[in-house]
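Asks: Just to be clear, the model below is a prediction. Sequence and coordinates:
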Amino acid sequence: MNAAADGAGSPHTAPVLFPGHRWLRHLTYVLVSLAALGLSLAGTDEMLSEYKLGVVQGLLAGFAQGVALVLALRRPVPAWALSLTATAFTALTVRAAMDPLPTMNPLPGTTPGPDWPWNTTEVVVQAAVLLLVALRVPTRKALAALAATALTTFVIQGLVGAQHYSSTGMVAVAVCAVAVLIGTALRGRSEARTQLVEQVTITAEERNRRTLLEERSRIARELHDVVAHHMSVISIQAQVAPLLVENPSEELRENLDGIRQNALEALAELRRVLGVLRSENPEYPDDPYALPAPGTGAAPDAPQPTLDRLDALIENTRAAGLDVRGDVRGEVRPLAPGVELSAYRIVQEALSNALRHAPGSTVAVEVAHDPDGLRLFVTNSRPQQAAPPSPGAGHGLLGMRERAAMLGGHLTATRTFQGGFAVVAFLPRDGVALPDGPAGTAGSHGPGGPHGPDGPDGSDGADGSDAPDSPAAPGTSPSAAPEIIFPTGDATP
């Protein structure tokens with residue numbers, strides 16, 4: 001009955017009190033059981049003294065109410081039915097005791113008779129059970145239980161009736177109505193809080209999804225120039241190739257014309273896609289700490305940057321108030337255009353985060369060229385002053401990880417022991433993941449997965465700095481993060 005009223009599939013789906021605190025649940029059961037025992041004894045005494053029932057009948061009637069109270073903790077609907085049935089049966093059984101007294105002229109001040117059809121114990125138990133019913137079942141079903149209680153009271157007292165008793169029907173119905181009202185209000189408040197939590201969860205998921213799409217759209221817009229450049233080169237080469245061959249065959253001319261036509265059509269499609277992607281600007285023009293990047297902001301049609309412009313980026317960051325030290329190691333090798341663009345953007349975002357969250361710090365930027373790819377290290381010292389509130393959207397780490405993952409690389413962001421922050425990234429030279437993964441890495445996304453331990457939307461930590469990943473194990477690759485000592489006043493760097 002209770003499962004049907006709850007809409008549950010089976011009785012074992014009923015909620016449990018204090019699911020995270022078993023001792024509180026056991027304490028509740030003990031206290032309710034003690035209260036039920038006390039009410040049962042009081043009810044039995046009232047049945048024997050007021051209603052003149054036998055011992056067995058009095059015990060059954062009294063303890064039926066105690067059992068209903070304990071049962072209501074897990075099955076309030078059957079408990080309500082048990083309490084109401086026991087009350088009605090008891091009221092009809094003791095109706096004979098409500099007959100007039102033999103004395104025709106009772107003494108002044110004589111009481112009219114015992115409480116009927118509800119005694120004190122029955123009213124208390126029925127109100128408690130209806131309270132739990134209202135907490136557990138929908139409002140319309142709780143009101144139906146209250147209506148059934150009121151109807152039963154009216155039939156017994158109004159239609160069947162008795163003589164020489166103190167009427168308790170109105171009082172009992174009023175007390176039960178108050179209990180249902182309180183339970184309904186508490187249930188409505190609980191449902192509202194549950195819906196609010198669900199809505200917040202849905203909103204967080206949508207924000208995470210929107211943030212991811214914005215970052216991917218931004219990356220797609222930047223890579224458009226790289227792809228468009230290659231398609232333009234293909235078109236020009238296909239147009240020039242027949243002039244480099246003496247007496248080219250007709251088949252060769254047709255194939256080269258087809259290649260050029262396909263390249264031009266691809267360029268046209270790229271322009272259409274770029275127009276759609278640029279219809280919504282995901283940049284943050286209101287962010288006073290943002291480092292303007294070529295290809296975005298006021299000059300969206302400028303060429304996309306490469307590592308050749310890294311020195312200019314470092315100079316801009318120094319002009320903004322940070323002490324930045326740059327270093328390039330290893331033999332410079334040609335890199336895929338997408339790798340250079342992503343490397344520049346990763347360093348740019350890391351410097352922007354240091355400028356935003358670690359004002360007054362010292363930043364070390366190292367670009368290491370390895371035979372298998374490019375390694376980036378951007379490490380800042382402990383901030384020397386409190387960071388102002390950040391007006392940005394706070395998902396820079398998400399974009400950096402997307403760029404590294406797109407090229408088959410990985411990125412790790414972690415706090416340093418000195419109180420600073422470090423961003424370490426590896427990008428394969430050709431933008432294709434190595435067969436066995438880069439040396440000394442735990443996977444293409446680092447220990448924290450594609451999003452690491454950031455918030456669900458890739459947002460910054462509560463203290464204004466990006467949430468760190470698990471730090472990479474030292475000494476796991478030939479190009480492990482360099483040991484850098486910052487002038488922060490720490491006794492042990």
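Replies: Right, received. Where do you want to start? Bear in mind the structure is a predicted one, so any value in this text is a computation, not a measurement. Residues are numbered from 1 along each chain as shown.

Asks: ok, which stretches of the stretch 351-493 of the chain are strands?
Replies: Along the stretch 351-493 of the chain, counting by DSSP state E, counting those that start in this stretch, strands occupy 362-370, 373-380, 410-415, 421-428.

Asks: typo on my end, it should be the stretch 101-250 of the chain
Replies: So, for the stretch 101-250 of the chain - with DSSP E, counting those that start in this stretch - the strands run 115-116, 166-167.

Asks: Among those, which comes closest to residue 314?
Replies: Among the strands of the stretch 101-250 of the chain, strand 115-116 comes nearest to residue 314, with 89.5 Å by Cβ to Cβ. Yep, even glycine has a C-beta here, placed from its N, CA and C like the rest.

Asks: The closest one: partners in the sheet, and parallel or antiparallel?
Replies: strand 166-167 (parallel) (DSSP bridges).

Asks: any idea of the mean pLDDT in the strand it pairs with?
Replies: On average, the pLDDT along strand 166-167 is 88.

Asks: How about stretch 59-73?
Replies: 93.

Asks: Just the CA atoms of that stretch, as PDB, please.
Replies: C-alpha atoms of stretch 59-73 as PDB (Å, rounded to 0.1, in the frame of the first residue of the first chain):
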ATOM      1  CA  LEU A  59      -3.800  -4.500  25.600                       C
ATOM      2  CA  LEU A  60      -4.600  -5.200  21.900                       C
ATOM      3  CA  ALA A  61      -6.200  -1.700  21.500                       C
ATOM      4  CA  GLY A  62      -3.400   0.100  23.300                       C
ATOM      5  CA  PHE A  63      -0.500  -1.700  21.700                       C
ATOM      6  CA  ALA A  64      -2.100  -1.400  18.200                       C
ATOM      7  CA  GLN A  65      -1.400   2.300  18.400                       C
ATOM      8  CA  GLY A  66       2.200   1.800  19.500                       C
ATOM      9  CA  VAL A  67       2.800  -0.600  16.600                       C
ATOM     10  CA  ALA A  68       1.300   1.900  14.200                       C
ATOM     11  CA  LEU A  69       3.700   4.600  15.500                       C
ATOM     12  CA  VAL A  70       6.800   2.400  15.000                       C
ATOM     13  CA  LEU A  71       5.600   1.200  11.600                       C
ATOM     14  CA  ALA A  72       5.000   4.700  10.400                       C
ATOM     15  CA  LEU A  73       8.800   5.300  10.300                       C
END
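
Asks: How far off centre is it?
Replies: The chain centroid and the centroid of stretch 59-73 are separated by 42 Å under Cα atoms, centre = their mean, to the nearest Å.

Asks: quick one, which of the strands of the stretch 101-250 of the chain is nearest to residue 399?
Replies: strand 115-116 (74.3 Å).

Asks: Quick one: mean pLDDT over that closest one.
Replies: pLDDT averaged over strand 115-116 gives 89.

Asks: now swap in stretch 253-264 and tell me
Replies: Averaging pLDDT along stretch 253-264 gives 85.

Asks: who touches that stretch?
Replies: With Cβ atoms under 8 Å, 6 or more residues apart in numbering as the test, stretch 253-264 has contacts from 231, 232, 234, 235, 238, 239, 241, 242.

Asks: at 10 Å what do you get?
Replies: 230-242, 245, 248-249 (Cβ atoms under 10 Å, 6 or more residues apart in numbering).

Asks: Is it possible to mark the buried ones in those?
Replies: Among the contacts of stretch 253-264, those classed as buried by 16 or more other Cβ atoms under 10 Å are 231, 234, 235, 238, 241.

Asks: which of the strands of the stretch 101-250 of the chain sits most buried?
Replies: Ranked by mean neighbour count, the strands of the stretch 101-250 of the chain are led by strand 115-116 with a mean of 22 (mean count of other Cβ atoms under 10 Å).

Asks: Mind listing residues that contact that one?
Replies: Contacts of strand 115-116 (Cβ under 10 Å, 6+ apart): 46, 50-51, 90-91, 94-95, 97-98, 121-123, 156-157, 161-169, 171-172.

Asks: The same query, at a cut-off of 8 Å, please.
Replies: So strand 115-116 is contacted by 50, 91, 94, 98, 157, 162, 165, 166, 167, 168 (Cβ under 8 Å, 6+ apart).

Asks: Local confidence estimate at residue 35?
Replies: pLDDT, read off for residue 35, is 92.

Asks: same question, residue 175
Replies: 96.

Asks: so who does it touch?
Replies: If a contact means Cβ under 8 Å, 6+ apart, then residue 175 has 123, 127 as its contacts.

Asks: what about residue 150, neighbour count?
Replies: 17 (other Cβ atoms under 10 Å).

Asks: returning to what we had before: ranking the contacts of strand 115-116 by neighbours, who comes first?
Replies: Result: residue 91 is most packed of the contacts of strand 115-116 (other Cβ under 10 Å), 26 neighbours.

Asks: need the contact list for that residue.
Replies: 116, 117, 118, 156.

Asks: Quick check: bridge partners of the nearest residue to residue 325 once chain neighbours are set aside?
Replies: If the residues on either side of it in the chain are set aside, residue 325 comes closest to residue 364, at 5.1 Å by Cβ to Cβ, 6 or more residues apart in numbering. Applying DSSP bridges to residue 364 gives these bridge partners: residue 325, residue 379.

Asks: isn't residue 364 right next to residue 379, touching?
Replies: Yes - contact status for residue 364 versus residue 379: in contact at 5.0 Å, counting by Cβ atoms under 8 Å.

Asks: just to revisit the earlier point, which one of the contacts of residue 91 has the most neighbours?
Replies: residue 118 (28 neighbours).

Asks: Dihedrals phi and psi, it?
Replies: phi -110, psi 130 (degrees, to the nearest 10).

Asks: Pull up the gap between it and residue 124, please.
Replies: As judged by Cβ to Cβ, to the nearest Å, residue 118 and residue 124 stand 10 Å apart.

Asks: Next one: the residue nearest the centre of the chain relative to residue 171, how far apart?
Replies: In the chain, the residue lying closest to the centroid (Cα atoms, centre = their mean) is residue 201, at 4.4 Å. Relative to residue 171, residue 201 is positioned 46 Å away (Cβ to Cβ).

Asks: Then residue 82?
Replies: 21 Å.

Asks: More neighbours: those two, which one.
Replies: A direct count of neighbours by other Cβ under 10 Å for residue 82 and residue 171 places residue 82 higher, at 20 against 14.

Asks: Report the buried residues of the strand or helix carrying the more buried one.
Replies: Assigned by DSSP states H and E, residue 82 belongs to helix 76-93. Buried residues in helix 76-93, defined by neighbour count with 16+ other Cβ under 10 Å: 76-84, 86-88, 90-91.

Asks: Low-confidence bits of the stretch 51-200 of the chain, can you list those?
Replies: For the stretch 51-200 of the chain, the stretches with pLDDT under 70 are 96-112.

Asks: can we see that at 80?
Replies: 96-113, 163-164 (pLDDT under 80).

Asks: and what of the stretch 251-400 of the chain?
Replies: Ranges of the stretch 251-400 of the chain meeting pLDDT under 80: 267, 269-305, 386-396.

Asks: try 50 this time
Replies: 282-299, 393 (pLDDT under 50).

Asks: Mind jotting down where the helices sit in it?
Replies: 310-319, 337-357, 396-406 (DSSP state H, counting those that start in this stretch).

Asks: related to what we said a few turns ago, closest to residue 327 out of the buried residues of helix 76-93?
Replies: For the buried residues of helix 76-93, the nearest to residue 327 is residue 76 (71.4 Å; Cβ to Cβ).

Asks: Now do the closest residue to that closest one other than its chain neighbours: how many residues are near it, please.
Replies: Of all residues not flanking residue 76 in the chain, residue 132 sits nearest, at 3.9 Å (Cβ to Cβ, 6+ apart). Residues lying near residue 132 (other Cβ under 10 Å) number 22.
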